[in-house]
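Peer 1: sequence and predicted structure are below.
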Amino acid sequence: MPVALSLNISYTNFIKKSLIKNRKILMQLLRAKQVAAKRGRSITQLYVDIADKKFPQGIKLSPKIVVWDESVVDQHIENELKQAGTA
């Protein structure tokens, strides 16, 4: 098993166990549609930016479910605005 995949699985298990064990949400998770809306761009552009290393990859919870930590998304948007000189 590749290292990146095992890290994803471990991190996914950590999230699932933490959510079940503590019955609290430790972080707010966003799906691709929510991330795209928050950025004011399309889902296609989100994945183009990820491929171009302009946006962080999400956390793969299953083969069809990818999520992002909302605080990471917010920080990235803030950094984009600072670079653009509008923040």
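Peer 2: Yep, that arrived. The shown structure was predicted, so the numbers you read here are calculated from the model rather than taken from an experiment. Numbering: from 1, shown residues only.
Peer 1: ranges for the helices of the protein?
Peer 2: Here the chain has its helices, by DSSP state H, at 3-22, 32-39, 43-51, 70-84.
Peer 1: which of those helices has the lowest average pLDDT?
Peer 2: In terms of mean pLDDT, the lowest-scoring of the helices of the chain is helix 3-22 (a mean of 52).
Peer 1: might one say that Leu46 is in contact with Lys54?
Peer 2: No - using CB atoms under 8 Å, Leu46 makes no contact with Lys54, being 9.9 Å away. Any C-beta I mention is one placed from the backbone N, CA and C, and that applies to glycine too.
Peer 1: between these two, who's got more neighbours?
Peer 2: More neighbours surround Leu46 than the other of Leu46 and Lys54, with 21 against 12 (other CB atoms under 10 Å).
Peer 1: so how far is Asp74 from that one?
Peer 2: Per CB to CB, to the nearest Å, Leu46 is found 15 Å from Asp74.
Peer 1: and if you look at Ile59?
Peer 2: 16 Å.
Peer 1: and if you look at Tyr47?
Peer 2: 19 Å.
Peer 1: what's around Arg31, how many residues?
Peer 2: Using other CB under 10 Å, Arg31 has 14 neighbouring residues.
Peer 1: tell me the confidence at the closest residue to it other than its chain neighbours?
Peer 2: In this structure, Arg31 finds its nearest non-sequential neighbour in Val67, 6.1 Å apart by CB to CB, 6 or more residues apart in numbering. Val67 is assigned 94 on the pLDDT scale.
Peer 1: show me what Val67 bridges to in the sheet.
Peer 2: Arg31, Ile59 (DSSP bridges).
Peer 1: tell me which residues of stretch 59-73 are tucked away?
Peer 2: For stretch 59-73, the neighbour count (16 or more other CB atoms under 10 Å) marks Ile59, Lys60, Val66, Val67, Trp68, Asp69, Val72, Val73 as buried.
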